[in-house]
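> with the input below, show me the fold.
(chains A and B)
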Amino acid sequence: MDLLEYQGKQLFARHGIPVPSGKPASTVADAVAAADEIGYPCVVKAQVLIGGRGKAGGVKLAKDRAEAEQYATDILGMDIKGFTVHEVWIEAASDIASEYYASIVFDRAAKAPLVMFSTKGGMDIEAVAEETPEALVRIHVDPLLGFQDFHGRRLAFEAGVDADVVRPVGALLSKLYDAFVAEEAMLVEVNPLIVTGDRDVKALDAKVTLDGNSLYRHPDNAGLRNPSQEDEQEQMAHERGLTYVKLDGDIGILGNGAGLVMSTLDVVAQAGGSPANFLDAGGGSKADAIVSAVEVILSDTKVRAVLFNIFGGITRCDEVAKGLIEAFDVVKPTVPFVVRLDGTNDVAGRQLLADASLPNVHTEATMLGAAQKVVELAAAHGAAA
Amino acid sequence: MSVLVGKDTRLVVTGLTGREGTFHALNNRNYGTDVVAGVTPGKRGQDVEGIPVFDTVHAAVAETGANTAMIFVPPRFAADSILEALDAGIELVVAITEGIPAHDELRVYTQLKRTPGARLVGPNCPGILSPGKANVGIIPASFFKEGNVGVVSRSGTLTYQIGNELAQRGFGNSSIVGIGGDPVPGSSFIDIIELFEQDPQTELIVMSGEIGGSAEEEAAEYIAANVTKPVVGYIAGFTAPPGKTMGHAGAIVSGTAGTAKAKAEALEAKGVRVGRTPTETAEIAMEILSA
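Numbers count the residues shown, from 1 in each chain, chains lettered A, B, ... in the order given. Alright, predicted model coming up:
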């Protein structure tokens, strides 16, 4: 789960990491009131879960109240790479002497947290890593030992920070590590980490990704989800506890098991079709879960045909068939369905479907055959519509 | 022969008295697995259809000689349960539980590497089936028969799909090992491929990967340097958009890292043939075995 910049900064502040003072606002009036309280000059920053806000005009320095009002008006409602700005963060302007970079990532390959630090902050860190790899210092931390003071010193000295800030940089990195572990993050990134004219060290930006599986231990973080940043179908699926990802195409997909669903998307694409979504109905799906899933898939008006690809293990094909029959009763779909049922209770499931003789439902024996059939039907249905 | 589970397996199930734990443990026993114990704290002295229940894994090991543990407890208790099994001297821990926090998995993995002789398969996996010998987990055994193809996979249902395609073409399996879809799996492709390479029953290895991480790329290097048996690959997720978790916690393309294309190319560059569909994967395996 990704946090907005200001949510990340508030999380940092809870762990003692210095951040500039600021306030979030979702209306122009609130933004101006926040700016008055913080004082001028201040920065008006668009809060969206995408990089490149500055280039898109989503970050502006306001020297007085009139400018703060103008920028808040411009930025609220702005579209940045497909994301609508619903909130701005009003922050005290900082006096920047140096810009550094710091991050901690959950390194899957090394199976340890990876702390990275560079004095080349404020720019695209992937470009820094590519062009001057020696400028990006990397240290893995043993998760059972944790971050030690010497880790901070090594990072600071090896990156070549100004001598007077070695200790505060080390201290900030240590707190960043505490935040990474305590909040169970997959990523914490500060770019830039600044040194001010007064030689204070501060996090001027915050990018935080939290582990969705750990949110039950962090109820406050769980409440930080940003539904306004989600697609309509994804939001609906989330509320129903379904594993759904929206895609660009017109063929709705439902399967059981993440790997099989991913594979189904690929096979449909190879057959010349374009999947509209990923939906994993999960193991042991009961009929009502299938009804719920069909509703989510069909709420995407681009969908011209739907493919069910089930290989029953724990999932019983007769339950899936019952769910589909019930879904037809409730939702009354107008698009064609292709259903492939294999595995546990497949014969019973196919029999149920045959007996129900649902309109426009085609059964196929193989995954490949089902993919080809649904692509053909989607094309025909699209032409007819 | 087979790998990891077989006639020598003596299984203790943590979470045996839960609904899912009971259902699958009895399924495993009906298949022929020697299920010797269950663990549920506070339920010592009870039994589940004759399987004795203990308070701790240590007690279960002392009383029954269990050598393999299946973890069936909810995510919030699972890391502790795995660590308990490791501490009790269990050689093989199979963790079925899905949804374990990633930082818990990191601590478990680090401890695992400090425990000589111990092995963890999973979490978030369907378990291990050695057809005709033992089933530890939730793999629907009736679709598989004994044979010479070893399968290792990050996905459960995709394994059933590929295994079924092989079975329809007359091939059976030595063992089917689900290593799970989480970011920090206890066993990697390499760990399992190494076992299949040593297993006399296994004549061909099928590895089924998916987007996210770099385990397939690492396996490609390992296979080129160490494996004499033919390996056939499959990778799911060519159509997955970057930055989206595709069902499995570990199935995510981060930036440009972990794409299906990169994985398939890494395997092919090392001489591993990669099927573009589960059907094609089974056909390649059949072609090699029939040659």
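
> domains of chain B: list them as residue ranges, please.
B:10-121, B:144-290 (automatic domain parsing).

> stretch B:166-184: how far from the chain's middle?
Remark: stretch B:166-184 is offset 8 Å from the chain centroid, using Cα atoms, centre = their mean, to the nearest Å.

> the stretch 1-150 of chain B: helices as residue ranges?
Applying DSSP state H, counting those that start in this stretch to the stretch 1-150 of chain B gives helices spanning B:19-31, B:57-64, B:75-87, B:102-113.

> picking up where we left off before, looking at the domains of chain B, which is buried most?
Mean neighbour count (mean count of other Cβ atoms under 10 Å in any protein chain shown) peaks for domain B:144-290 among the domains of chain B, with a mean of 22. (Each C-beta comes from the backbone N, C-alpha and C, glycine too.)

> what sits closest to the closest residue to chain A within the stretch 51-200 of chain B if chain neighbours are left out?
Per Cβ to the nearest Cβ, the residue of the stretch 51-200 of chain B with the smallest distance to chain A is residue B:155, at 2.2 Å. Spatial nearest neighbour of residue B:155, excluding adjacent residues (Cβ to Cβ, 6 or more residues apart in numbering or on different chains): residue A:259 at 2.2 Å.

> give me the phi and psi for that neighbour.
Dihedral pair for residue A:259: phi -60, psi -40, per degrees, to the nearest 10.

> that one reaches residue B:211, doesn't it?
No: between residue A:259 and residue B:211 there is no contact under Cβ atoms under 8 Å: 10.1 Å.

> quick one: residue A:338 is in a helix?
No: under DSSP: H, G, I helix; E, B strand; the rest coil, residue A:338 sits outside any helix and is assigned strand.

> who's it bridged to?
Residues in a beta bridge with residue A:338, per DSSP bridges, are residue A:307, residue A:362.

> from residue A:280, how far out is it?
Residue A:338 sits 18 Å away from residue A:280, taking Cβ to Cβ, to the nearest Å as the criterion.

> so which strand or helix has residue A:71?
Per DSSP states H and E, residue A:71 falls inside helix A:65-75.

> what does the model give residue 150 for pLDDT?
No chain in the question, so chain A it is. We have a pLDDT of 97 for residue A:150.

> sorry, should have said chain B
Listed pLDDT for residue B:150 reads 97.

> in this structure it contacts residue B:207, no?
No: in this structure, residue B:150 is not within contact of residue B:207 by Cβ under 8 Å, at 9.1 Å.

> against residue B:28, how distant is residue B:141?
Look at residue B:141 and residue B:28: by Cβ to Cβ, they are 9 Å apart.

> anything in contact with each of these two?
Listed as contacting both residue B:141 and residue B:28 by Cβ atoms under 8 Å, 6 or more residues apart in numbering or on different chains are residue B:135.

> buried ones in stretch A:64-72?
By neighbour count on 16 or more other Cβ atoms under 10 Å in any protein chain shown, the buried set for stretch A:64-72 is A:67-69, A:71-72.

> what's the answer for stretch A:149-160, then?
For stretch A:149-160, the neighbour count (16+ other Cβ under 10 Å) marks A:151-152, A:154-156, A:159 as buried.

> output the lowest mean pLDDT helix or strand found in chain A.
helix A:125-131 (a mean of 84; mean pLDDT, DSSP states H and E).

> and it, what's buried?
A:125, A:128-129.

> can you list contacts of that helix?
For helix A:125-131, the surrounding residues in contact (Cβ under 8 Å, 6+ apart) are A:101, A:103, A:116, A:118, A:120, A:135-136, A:191, B:255.

> name the next helix or strand downstream of it, please.
With elements assigned by DSSP H and E, the helix or strand that comes after helix A:125-131 is strand A:136-140.

> check whether that next one contacts chain B.
No: contact of strand A:136-140 with chain B (Cβ under 8 Å from any Cβ of the partner chain) is absent, the minimum separation being 11.2 Å.

> what's the mean pLDDT across that strand?
Mean pLDDT, computed over strand A:136-140, is 96.

> same thing with stretch B:39-56?
96.

> quick one: name the residues of the stretch 51-200 of chain B near chain A.
Contact residues (Cβ under 8 Å from any Cβ) of the stretch 51-200 of chain B with chain A: B:75-76, B:99-104, B:106-107, B:109-111, B:126, B:138-140, B:143, B:153-161, B:164, B:181, B:183-184.

> phi, psi of residue A:17?
When quoted as degrees, to the nearest 10, the phi and psi of residue A:17 stand at phi -80, psi 120.

> tell me the spacing between the closest residue to it other than its chain neighbours and chain B.
Once flanking residues are discounted, residue A:17 sits nearest to residue A:175: 4.9 Å by Cβ to Cβ, 6+ apart. Here the criterion is Cβ to the nearest Cβ, to the nearest Å. By it, residue A:175 lies 17 Å from chain B.

> surely residue A:175 touches residue A:13?
No: assessed by Cβ under 8 Å, residue A:175 is found out of contact with residue A:13, at 10.3 Å.

> closest point of the stretch 251-385 of chain A to chain B, which residue?
Going by Cβ to the nearest Cβ, chain B is nearest to residue A:259 of the stretch 251-385 of chain A, at 2.2 Å.

> returning to what we had before: distance to residue A:165 and secondary structure added to the buried residues of stretch A:149-160, as JSON lines?
Below are those laid out as JSON lines (distance: Cβ to Cβ, whole Å; DSSP: H, G, I helix; E, B strand; the rest coil):
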{"residue": "A:151", "distance to residue A:165": "16", "secondary structure": "helix"}
{"residue": "A:152", "distance to residue A:165": "12", "secondary structure": "helix"}
{"residue": "A:154", "distance to residue A:165": "15", "secondary structure": "helix"}
{"residue": "A:155", "distance to residue A:165": "12", "secondary structure": "helix"}
{"residue": "A:156", "distance to residue A:165": "8", "secondary structure": "helix"}
{"residue": "A:159", "distance to residue A:165": "11", "secondary structure": "helix"}
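
> secondary structure element holding residue A:265?
Applying DSSP H and E as the criterion places residue A:265 in helix A:258-270.

> and the next element down the chain from that helix?
strand A:277-280.

> where along chain A do the helices fall?
A:5-14, A:28-38, A:65-75, A:125-131, A:149-159, A:166-182, A:219-222, A:232-239, A:258-270, A:287-298, A:317-331, A:346-356, A:367-384 (DSSP state H).

> and these as CSV, adding distance to residue B:217?
Output for the helices of chain A, formatted as CSV (distance: least, Cβ to Cβ, whole Å):
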stretch, distance to residue B:217
helix A:5-14, 31
helix A:28-38, 47
helix A:65-75, 42
helix A:125-131, 19
helix A:149-159, 28
helix A:166-182, 26
helix A:219-222, 33
helix A:232-239, 30
helix A:258-270, 18
helix A:287-298, 34
helix A:317-331, 36
helix A:346-356, 36
helix A:367-384, 27
